[in-house]
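Colleague: Structure for this input, please:
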Amino acid sequence: MGTQKRLFLAGGSGLLALNWALLCHEKWNVFLGLHNRIISPPFAFTVHLPQATTQGLINTLSEISPHLVVNTAAATNVEYCELHPEIALEVNVVFAEHLASACNYLMIPLVHLSTDHLFDGFLPFATEDNALHPLNVYAQTKAEAESRVLNVCPNALVIRTNFYGWGTSYRYSSTDKIIQKLQDGNVYTAFHDVYFTPILISDLVSAIHHLLELGAKGIFHVVGDQRLSKYDFCLLLANTFCLQQSLVQPISIHDVPSLVPRPKDMSLCNLKATQWLNRSLGLVVEGLVRLRDQSAQGYPKVLQHL
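Modeller: As a prediction, this is how the structure comes out:
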């Protein structure tokens, strides 16, 4: 494995972990912690994680001796979490707390990935200091995870974000689904009244590593500079990939009353992060151009072979 530093990514079969591994594998020896799904990516080692106990994770991490641990493991489907709160609690809270305890015991730097669903959605650009008001089980478990992680591992870096990027053959990303639908000439509906501040995964990963180099800890909002609706995001995506924008049709979130309650405005303020980094985190169109460039370079094909 040479003298490269070792990076351990929990939730290793997920979209974020695999993109992270692919982005970093030339500079790091990357280990993907797997749970149920077994994969064999050519750009990373894989480790089957034991049952979520602090001691079990201490044993696993002691064998790998990583220089950095990143927790991307999460149950993220809002509807699924609402129907299965016990699984949401186990994955989003209990595992996160055990992993944080193990990292604190072994004195390994930890990055914990959180979410932008933590607020009630009545005000734009929530800051790290705004009071949390989770509206559903998913958000409640992610809020509880932040609290427990920082309680047992005070030096952890907790990242609230909303990212996009390329998916795998077994799990398409949101942008994969939009692009495929428009390429097939089908209508894609998107909410015109739900807002967020998305960031490309490669930009997110770069910012997090930079924050770590600067010694950041605690909660940071690492998102793009631009607040826009899901509908406007789809229009920009279609335009960037030279797809038919007229196939993107706006609807209201109120047109889908079966959805579990969620915030209509998930936009986060990234001022704290940009001040630490001394740079902006970019506009959506800039990130989408980089997403298109990754496609031209064959980047998504590597993930879609998994």
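
Colleague: Could you find the closest non-adjacent residue to Cys269?
Modeller: With Cβ to Cβ, 6 or more residues apart in numbering as the criterion, Cys269 has its nearest non-adjacent residue at 4.1 Å, and that residue is Phe125. Just so you know, the C-beta spots here come from the backbone N, C-alpha and C atoms, and that holds for glycine as well.

Colleague: again, but for Ser267
Modeller: Closest to Ser267 by Cβ to Cβ, 6+ apart is Arg227, at 4.1 Å.

Colleague: for the one you found, what are its contacts?
Modeller: 124-125, 195-197, 267 (Cβ atoms under 8 Å, 6 or more residues apart in numbering).

Colleague: List the buried residues of whatever helix or strand Gln55 lives in.
Modeller: Using DSSP states H and E, Gln55 sits within helix 54-64. Neighbour counts over helix 54-64 (16 or more other Cβ atoms under 10 Å) mark 54, 57-58, 60-61, 64 as buried.

Colleague: which one among those gets closest to Ala73?
Modeller: Nearest to Ala73 out of these is Leu57 (Cβ to Cβ; 11.4 Å).

Colleague: what separates that closest one from Leu247, distance-wise?
Modeller: 46 Å (Cβ to Cβ, to the nearest Å).

Colleague: Same question for Gln140.
Modeller: Gln140 is 36 Å from Leu247, by Cβ to Cβ.

Colleague: do Ile253 as well
Modeller: Ile253 is 20 Å from Leu247, by Cβ to Cβ.

Colleague: Which of the two has more residues huddled nearby?
Modeller: Leu247 (18 against 15; other Cβ atoms under 10 Å).

Colleague: so that one makes contact with Gly185?
Modeller: Yes. Counting by Cβ atoms under 8 Å, Leu247 does reach Gly185; the two are 7.0 Å apart.

Colleague: what about Ile159, is that helix, strand or coil?
Modeller: strand (DSSP: H, G, I helix; E, B strand; the rest coil).

Colleague: same question, the one 10 residues further on
Modeller: Reducing the assignment at Ser169 to three states with three-state DSSP gives coil.

Colleague: Quick one: residues contacting the residue nearest to it when sequence neighbours are not counted.
Modeller: Spatially, and ignoring its direct neighbours in sequence, Ser169 is nearest to Gln304 (5.0 Å; Cβ to Cβ, 6+ apart). By Cβ under 8 Å, 6+ apart, Gln304 lies in contact with 166-169.

Colleague: now the residues you listed as CSV including distance to Ser202, pLDDT and neighbour count?
Modeller: Output for the contacts of Gln304, formatted as CSV (distance: Cβ to Cβ, whole Å; pLDDT from 0 to 100; neighbours: other Cβ atoms under 10 Å):
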residue, distance to Ser202, pLDDT, neighbour count
Trp166, 10, 96, 24
Gly167, 14, 94, 21
Thr168, 16, 93, 22
Ser169, 20, 90, 9
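
Colleague: before we move on, back to that, report the contact partners of the residue nearest to Cys269.
Modeller: 197, 227, 267-269.

Colleague: Swap in 10 Å and give it another go.
Modeller: Listed by Cβ atoms under 10 Å, 6 or more residues apart in numbering, the contact partners of Phe125 are 195, 197, 221, 223, 227, 265, 267-271.

Colleague: try Glu90
Modeller: Per Cβ under 10 Å, 6+ apart, neighbours of Glu90: 52, 75, 84, 141.

Colleague: mind redoing it with 8 Å?
Modeller: Neighbours of Glu90 in contact, by Cβ under 8 Å, 6+ apart: Ala52.

Colleague: from now on call the first residue 217
Modeller: Done: numbering now begins at 217, and the last item shifts to Glu306.

Colleague: sorry, back to before: just give me the closest of the buried residues of helix 270-280 to Leu373.
Modeller: Leu277 (17.0 Å).

Colleague: and the gap between that closest one and Ser229?
Modeller: Taking Cβ to Cβ, one finds Leu277 at 18 Å from Ser229.

Colleague: Tell me which stretches of the stretch 217-366 of the chain form helices.
Modeller: 231-240, 270-280, 294-299, 301-305, 311-322, 353-368 (DSSP state H, counting those that start in this stretch).

Colleague: deepest of those helices, which one?
Modeller: helix 231-240 (a mean of 25; mean count of other Cβ atoms under 10 Å).

Colleague: Please consider this matter closed, and thank you.
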